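Q: Here is a sequence together with a model predicted from it:
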Amino acid sequence: MFNWLVNNSVWILLGSSIVVLALVFFNDRIRAWLARIAPERWRGKFYGNMNAFFWAVTALTGMIMIVSFTLMALFRDSDVPRITSKAVEEWFMSHGIRVVIILLVGMALWFFVRHTLPPLVDRTIGRPQKGESREGVKKRANTLLSVFLGLSKGIILLIVIFMVLAELGVQIGPMLAGFGIAGVAVGLGAQYLIKDLIAGIFILMENEYRVGDVVRVADITGLVEEITLRKTVLRDLDGTVHHVPNGEIRVASNFSRHFARVNLNVPVAYDTDLDYAIRVINDVCREMAADEKWASVLRTVPQVLRVDKLGDSGIEIKIVGEVKPMEQWNVMGELRLRLKKAFDKAGIEIPYPHMKVYFGNRPE
């Protein structure tokens, strides 16, 4: 068996490298394919343990790469092997078992963190505060959970790597000292990175926005898809994904915090009876609030606030009302549709830009 591994170490290294590259670059496609071919009765458990499965496969493949590279470097094309099978066996009994135990403990620790951290975050966040909805609390919990899981994974991975290196006889002290010196040197040129990390910490601590919110940051408006300590990922209405460094965010405008507001200007012609138009608008708003489909969305019944502007082509009437977060655009779209139908029925003209031309004679 040992001789077979030595003779085929090149092909084993090549195959394991291909597997690792496939897991890195085609992760999403592989996940979709596995989910598609998985039996129906397994899909629930399979989805829940997908990350753990890929983590375990990647770790196992990495170990195979290390072993095959070692065999290829020490045994292949060598008349006198520098390591015998007995020496390998002795090394495995004295060190290899400990390395395997370290890896297993690291995996077990990750499983423990992954299953205990979500309920811990939920209990820490607690009940909704004043003005905060349950959906908002859930968004904040999911955002913090994703950040904490990422940090936990990195910390566990570093601990496992250093413990394995120590077991293999590598001096960690000089390595850590070297990292410290290199960290100082890199830190002098990584001011922007540090700035992004500090800004990310304050964004999370102050709960400025969460994953799933619609925000405008750095003159970009979109749905927050991901928040890390370094950057915020937004997707706009065109589907374009924007990666915004947290240090570049000076003002963050959240369109979906606590509640949203309908803020709609409706133009009518200058010859319109404004009192009549206002009654029609308020009637339409009350009818919409009485509709079961929209009753759960509206926090207050929209109504006319004031005559807002005497424009070039018509008079603009402002409508305001409070709605659930991220529902303001749907409500305003439905309100425009209902108002257009009601205006057509009531004979109220919605003006459009036009120009009157007079040729010499003063109009009477």
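A: Nice, I can see it. Remember, predicted model here, so these are calculated numbers, not experimental data. Numbering: from 1, shown residues only.
Q: Could you pull up phi and psi at the nearest residue to Thr272 once chain neighbours are set aside?
A: Excluding the flanking residues, the one nearest Thr272 by CB to CB, 6 or more residues apart in numbering is Ile348, at 5.7 Å. Yep, even glycine has a C-beta here, placed from its N, CA and C like the rest. Here is the backbone geometry of Ile348 (degrees, to the nearest 10): phi -90, psi 130.
Q: can you check the one 4 residues further on too?
A: Per-residue torsions, Tyr352: phi -140, psi 160 (degrees, to the nearest 10).
Q: who touches it in this structure?
A: Ser313 (CB atoms under 8 Å, 6 or more residues apart in numbering).
Q: Leu144 versus that one, what's the distance?
A: 50 Å (CB to CB, to the nearest Å).
Q: just to revisit the earlier point, tell me who's in contact with the residue nearest to Thr272.
A: 268-269, 272, 276-277, 280, 342.
Q: same deal with Ile227?
A: So Ile227 contacts 143, 146-147, 200, 203-204, 209-211, 233 (CB under 8 Å, 6+ apart).
Q: which of the residues you listed has the most neighbours?
A: Of all these, the most densely surrounded is Tyr209 (27 neighbours; neighbours counted as other CB atoms under 10 Å).
Q: mind checking the SS state of it?
A: What DSSP: H, G, I helix; E, B strand; the rest coil gives for Tyr209 is coil.
Q: what are the phi and psi angles of it?
A: phi -160, psi 160.
Q: wait, doesn't it sit right on Val251?
A: No: Tyr209 is beyond contact range of Val251, at 11.8 Å (criterion: CB atoms under 8 Å).
Q: returning to that earlier point: which of the contacts of Ile348 fall within helices?
A: Using DSSP state H, 276-277, 280, 342 are the members of the contacts of Ile348 that sit in helices.
Q: what are the ranges of the helices in the protein?
A: 2-7, 9-25, 27-37, 43-48, 50-74, 85-91, 97-125, 134-167, 172-188, 191-205, 274-290, 292-295, 328-346.
Q: Which pLDDT value does the model give the residue nearest to Thr272?
A: Note on Ile348: pLDDT of 92.
Q: Find the nearest non-adjacent residue to Asn142, please.
A: Asn142 sits nearest to Val211 (CB to CB, 6+ apart), 5.7 Å away.
Q: And the contacts of Ile348, which two are furthest apart?
A: Among the contacts of Ile348, the pair separated by the greatest distance (CB to CB) is Ala269 and Ala342, at 15.2 Å.
Q: Show me which of the contacts of Ile227 is closest to Thr61.
A: Ser146 (25.4 Å).
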